[in-house]
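Student: Take a look and give me a structure for this.
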Amino acid sequence: MILTLAAALLSLAYPAVGAVEKLPKVSVYASNNSYHNCAISEPLPKRYHHLIHTSIILESKDKTEKIPGQIVLVGKNVILHFVVSDIAAGIRKTYDIHKTKLGNSNGVQLAEVKGDMEVSIGNSLFTKYTTHSGPNKPFFYPFLTPGGLNLTRQWPVEDIATDTHDHPHHRGLWFTHGNVNGVDFWAETPGTGKTVTTGYHDLVSGPVFGSFVTTTDWINPDGSMVGTDVRTVRITPFPNGDRILDFDIEFTPNGKTVTFGDTKEGMFGLRTTDTLAPSRKLGGHMINSEGLKDAECWGKKAAWVDYFGQVGGKTYGISMFDTASNLRHPQTWHARDYGLFTINPFGLHDFGMGEKGAGDYVVAADKKLSLKYRVFFHKGDTEAGGVVSQYHSYADPPKVSIQ
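Tutor: Numbering: from 1, shown residues only. Here you go, the predicted structure:
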């Protein structure tokens, strides 16, 4: 009886040789919004778990669309990933999944090189997560367009004379804070704390996305450890050359209470190339979800902020997205018109929203702090780049069902 039951279960998970294999059917319903280049991740039922790492495409019911898919194991779940190019509000699209022999030449490739994580799209470098180029933190640098143009300020990572030379701690894209139990992890001056990468795991390359998980120790100037974090990074390219980077972080105290203090100097930040900065008066602008522009964005609550301007004679932009599951959503922004924008839920006093310490947040010794953000690299300004639509893809995605 036991053997018979086991055989039956195996037959459900792994079809017999010669049997007609039933592959999933996927339904996508845009109930509230219209979407363009919408990245979708959806768990597969257990009966399809044998498809992990199988090369697949999704073909629309009317045979007009064939889009690559990617199936990977995440923890104990098997997740289907794909990108829907366009779907209007109120429309449902259905797709059949087919196996394919297509390779990963235009997808995302990850490679650990001397402690750094290099991320390439279509065999061209997009970004690098570097662990040793700065004195006290890992960070992403550079961020390159499909044509190789840099969207982030190059100095101080590279000695570029024409770049602005202020705030040497503004390196690419990073995550730290200026007051952690009273210690400054933000600046790079003597006596500050440091965040140290301790390893990578769960590297994934593929036709739809690439991802990795990295662990980081937060270390005081005296060498004692404040806590650790786990960072999950996923990069998804779109057919038009736009890209998204998802950054999920979970911080765990090292046995004692940790207070993230009220200061503007934090937390998830990016320094754009100078031509995007409104203060340089080269055509760059910053707009947030509340319609505020340029310097007006500083210290305000917003679901997203978008920077755009001229790079190499074309308009490019970078957006950062908050989401409803985050602490104090919509969060406040340390967004300056000289090219800096950081999302910071702790700087309430500095942003004029309370008494000193109003933004303090205590993580108990037995608790965790989890945050999720998305960065959107796009062509065009806020409107032409479809920033609002892309934010909806992140914060209010379409409904997906799998049969």
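
Student: Surely Val362 and Lys256 touch.
Tutor: No: in terms of C-beta atoms under 8 Å, Val362 does not count as a neighbour of Lys256; the distance is 11.1 Å. For every residue, glycine as well, the C-beta is placed using N, CA and C.

Student: and Gly266, what does it touch?
Tutor: Gly266 sits next to 176-179, 186, 260, 334, 342, 344, 346-347 when contact means C-beta atoms under 8 Å, 6 or more residues apart in numbering.

Student: Against His329, how distant is Met267?
Tutor: From Met267 across to His329, the span is 14 Å (C-beta to C-beta, to the nearest Å).

Student: Compare these two (neighbour count), which wins?
Tutor: Met267 (24 against 13; other C-beta atoms under 10 Å).

Student: Quick check: that one touching Phe341?
Tutor: No: taking contacts as C-beta under 8 Å, Met267 lies outside contact range of Phe341: 11.7 Å.

Student: State the separation between the helix or strand harbouring Asp306 and the centre of the chain it belongs to.
Tutor: Following DSSP states H and E, one finds Asp306 within strand 304-311. Computed by C-alpha atoms, centre = their mean, to the nearest Å, the chain-centroid distance of strand 304-311 equals 17 Å.

Student: same check, this time on stretch 314-324
Tutor: The chain centroid and the centroid of stretch 314-324 are separated by 11 Å under C-alpha atoms, centre = their mean.

Student: Numbering from 57 from now on, please.
Tutor: Taking 57 as the first residue, the last one we looked at is stretch 370-380.

Student: residues in contact with it?
Tutor: 199, 201, 205, 207, 324, 326, 328, 332, 358-366, 385-387, 397, 399, 428-438, 440-441, 443, 446-447, 450-451.

Student: CA-only coordinates of that stretch in PDB, if you can.
Tutor: Output in PDB follows, covering the C-alpha atoms of stretch 370-380 (Å, rounded to 0.1, in the frame of the first residue of the first chain):
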ATOM      1  CA  LYS A 370      19.700  61.200 -25.200                       C
ATOM      2  CA  THR A 371      17.300  61.400 -22.300                       C
ATOM      3  CA  TYR A 372      17.600  58.700 -19.600                       C
ATOM      4  CA  GLY A 373      16.200  58.400 -16.100                       C
ATOM      5  CA  ILE A 374      16.400  56.500 -12.800                       C
ATOM      6  CA  SER A 375      13.500  56.000 -10.500                       C
ATOM      7  CA  MET A 376      13.400  54.500  -7.000                       C
ATOM      8  CA  PHE A 377      10.200  52.900  -5.700                       C
ATOM      9  CA  ASP A 378       8.900  52.400  -2.200                       C
ATOM     10  CA  THR A 379       6.200  49.800  -1.500                       C
ATOM     11  CA  ALA A 380       3.200  49.400   0.900                       C
END
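
Student: Report the mean confidence score over that stretch.
Tutor: Across stretch 370-380, pLDDT averages out at 98.

Student: Helices along the protein, start to end?
Tutor: Using DSSP state H, the helices of the chain run over 58-69, 443-451.

Student: rank these by pLDDT, which is bottom?
Tutor: helix 58-69 (a mean of 39).

Student: Alpha carbons of the top strand by length along the chain, in PDB - could you do that?
Tutor: Counting residues, the longest strand found in the chain (DSSP state E) is strand 281-293. Output of strand 281-293 as PDB, limited to C-alpha atoms (Å, rounded to 0.1, in the frame of the first residue of the first chain):
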ATOM      1  CA  MET A 281      29.200  43.700  15.600                       C
ATOM      2  CA  VAL A 282      25.800  45.500  15.600                       C
ATOM      3  CA  GLY A 283      24.000  43.000  13.400                       C
ATOM      4  CA  THR A 284      23.900  41.300  10.100                       C
ATOM      5  CA  ASP A 285      21.700  41.600   7.000                       C
ATOM      6  CA  VAL A 286      20.700  39.500   4.100                       C
ATOM      7  CA  ARG A 287      20.400  41.300   0.700                       C
ATOM      8  CA  THR A 288      18.500  39.700  -2.100                       C
ATOM      9  CA  VAL A 289      19.100  41.400  -5.500                       C
ATOM     10  CA  ARG A 290      17.300  40.600  -8.700                       C
ATOM     11  CA  ILE A 291      17.900  42.300 -12.100                       C
ATOM     12  CA  THR A 292      15.400  42.100 -14.900                       C
ATOM     13  CA  PRO A 293      16.000  43.600 -18.400                       C
END
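
Student: got the buried residues for it?
Tutor: Going by neighbour count (16 or more other C-beta atoms under 10 Å), the buried part of strand 281-293 is 282-293.

Student: With stretch 151-165 instead?
Tutor: Per 16+ other C-beta under 10 Å, stretch 151-165 contains these buried residues: 151, 153, 160, 163-165.

Student: May I have the distance across it, first residue to last?
Tutor: 26 Å (C-alpha to C-alpha, to the nearest Å).

Student: Show me how far that stretch is from its chain's centre.
Tutor: On C-alpha atoms, centre = their mean, the centre of stretch 151-165 falls 22 Å from that of its chain.
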